[in-house]
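A.B. asks: The sequence and its predicted three-dimensional model are supplied below.
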Amino acid sequence: MQAASHHAHSLRPIEGSLVGMTLLRDGHSPDHRLRYEASGDTIVVHEDGVPESTVLEWAFGAGAQGSTPVGHLGEQFVEHRFSYYARIQDLAPTFGHPPHVSTRFAELGLLQDKRTIFHCFNCHATGVRQGPSGPELTGMFPGVQCERCHGPGSSHIRAAKDGASPEAVRREVVNPGRLPVKVQIEMCGECHRLPTPDMGDKPELENPVNVRFAPIGLLASRCFRATGTLSCLTCHDPHEDARPLSDFSYSEKCLVCHGGDHKPVRLCRRTERQNCLPCHMKQASLGLYLRFTDHRIRVY
């Protein structure tokens with residue numbers, strides 16, 4: 001189950017997915033194009049009229065929303081200027097990149113400093129170490145694997161082989177489900193992002209991009225603040241993909257607190273056991289091709 005999940009495929013070798021594609025440069029004539037050519041296990045991006053080329057090695061993202069190629073431009077990691085988006089099944093400008101570029105090879109991507117690119121690999125892979133010149137990938141396993149959340153498994157395996165009791169075997173591995181609720185959210189937020197000290201109590205309104213980062217909205221929600229029991233694991237099993245928004249199991253979690261007659265709400269869908277999400281967890285668009293569920297859990 002986990003091995004087939006989006007988490008497990010959040011980073012993968014670029015392989016040949018873009019080979020043969022050409023892309024018209026923004027605002028230029030048809031004879032100015034990017035060309036994608038295979039080179040061993042990588043893809044080389046050539047821009048017409050520019051001597052530099054980008055070697056793409058990794059695809060970041062499992063493809064549910066899309067994926068962004070990352071590689072090298074000279075000695076430095078570069079995030080490609082164009083990403084693949086599932087909604088259009090094609091390439092388009094990478095979200096967050098400036099709409100216009102001026103340097104001669106900026107169409108190929110944005111150079112990333114060693115600290116930033118380490119965090120990228122560390123969240124999309126397992127076993128990444130920080131080296132003097134950037135992420136050390138020698139012992140890396142692409143994607144979010146078991147040890148990324150549960151810690152090293154060698155002592156856990158050894159205890160099982162030595163015939164230790166089931167409880168002793170369980171103690172030898174981290175179980176995030178046993179951690180305090182806020183710690184669970186903070187653990188997910190290491191990669192899915194957490195509030196910064198300068199954020200107020202309406203982060204998704206202060207900066208619409210924050211809707212992309214579910215823990216930020218969840219921690220600001222009244223549901224979390226009032227109960228202290230709501231965490232990411234309340235609704236999501238990290239070993240499998242998120243269920244469709246139409247799945248009533250999400251609303252069933254809401255009805256644990258809001259289902260009784262002692263808390264009447266006029267004209268509320270839950271009185272007829274309808275889906276709560278269209279009113280309280282709407283989806284928001286970021287750019288042209290990305291949509292995210294607002295985890296602020298509010299009345300729109």
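C.D. replies: Perfect, I can see it now. Residues are numbered from 1 along each chain as shown.

A.B. asks: hey, let's count contacts and neighbours off CA atoms from now on
C.D. replies: Will do.

A.B. asks: all strands for the stretch 201-300 of the chain, in order.
C.D. replies: Using DSSP state E, counting those that start in this stretch, the strands of the stretch 201-300 of the chain run over 283-286, 290-293.

A.B. asks: Now do the phi/psi pair for the residue nearest to the spatial centre of the chain.
C.D. replies: Centroid check for the chain by Cα atoms, centre = their mean gives H192 as the closest residue, at 6.1 Å. With angles defined as degrees, to the nearest 10, H192 sits at phi -90, psi 0.

A.B. asks: Who are the contact partners of the closest residue in space to it that isn't next to it in sequence?
C.D. replies: Distance criterion Cα to Cα, 6 or more residues apart in numbering; nearest residue to H192, sequence neighbours excluded, is F213 at 5.5 Å. Counting by Cα atoms under 8 Å, 6 or more residues apart in numbering, F213 makes contact with 192-194.

A.B. asks: any idea of the mean pLDDT for stretch 127-145?
C.D. replies: Averaged across stretch 127-145, pLDDT comes to 92.

A.B. asks: Can you get me a residue count around the residue lying closest to F121 once chain neighbours are set aside?
C.D. replies: Nearest in space to F121, with sequence neighbours left out and distances taken as Cα to Cα, 6+ apart, is V128 at 6.8 Å. By other Cα atoms under 10 Å, 21 other residues sit near V128.

A.B. asks: any weak-confidence spans in the stretch 101-250 of the chain?
C.D. replies: 101-107 (pLDDT under 70).

A.B. asks: in what helix or strand does the nearest residue to D90 once chain neighbours are set aside lie?
C.D. replies: Distance criterion Cα to Cα, 6+ apart; nearest residue to D90, sequence neighbours excluded, is Y84 at 5.5 Å. Per DSSP states H and E, Y84 falls inside strand 82-85.

A.B. asks: ok, now T116?
C.D. replies: Going by DSSP H and E, T116 is in helix 114-124.

A.B. asks: buried stuff in that helix?
C.D. replies: 114, 117-124 (16 or more other Cα atoms under 10 Å).

A.B. asks: do stretch 3-18 as well
C.D. replies: Here stretch 3-18 shows 5-15, 18 as buried, counting by 16+ other Cα under 10 Å.

A.B. asks: so can I have TSV of these showing distance to L286, secondary structure and pLDDT?
C.D. replies: Listed next are those as TSV, based on distance: Cα to Cα, whole Å; DSSP: H, G, I helix; E, B strand; the rest coil; pLDDT from 0 to 100:
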residue	distance to L286	secondary structure	pLDDT
S5	24	coil	95
H6	20	coil	95
H7	21	helix	96
A8	24	helix	95
H9	23	helix	94
S10	20	coil	96
L11	22	strand	95
R12	24	strand	92
P13	26	strand	91
I14	25	coil	90
E15	28	coil	77
L18	24	coil	70
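
A.B. asks: Sketch out the helices for this structure, chain order is fine.
C.D. replies: Per DSSP state H, the chain carries helices over the ranges 114-124, 146-150, 154-161, 166-171, 181-192, 203-206, 214-220, 222-227, 232-235, 249-258, 277-280.

A.B. asks: G217: what's its closest spatial neighbour, skipping adjacent residues?
C.D. replies: G217's closest residue in space is R296 (Cα to Cα, 6+ apart), at 4.2 Å.

A.B. asks: So the one you found sits against S221, correct?
C.D. replies: Yes. Assessed by Cα atoms under 8 Å, R296 is found in contact with S221 at 4.8 Å.

A.B. asks: So for these two, which residue has more residues nearby?
C.D. replies: R296 (25 against 18).

A.B. asks: number of nearby residues for the nearest residue to Q283 once chain neighbours are set aside?
C.D. replies: With Cα to Cα, 6+ apart as the criterion, Q283 has its nearest non-adjacent residue at 4.3 Å, and that residue is T293. Residues near T293, counting by other Cα under 10 Å, number 20.

A.B. asks: Distance check, the residue nearest to F121 against K114.
C.D. replies: Distance, V128 to K114, by Cα to Cα, to the nearest Å: 13 Å.

A.B. asks: what does G63 give?
C.D. replies: Distance, G63 to K114, using Cα to Cα: 25 Å.

A.B. asks: ditto for G228
C.D. replies: Separation of G228 from K114 (Cα to Cα): 37 Å.
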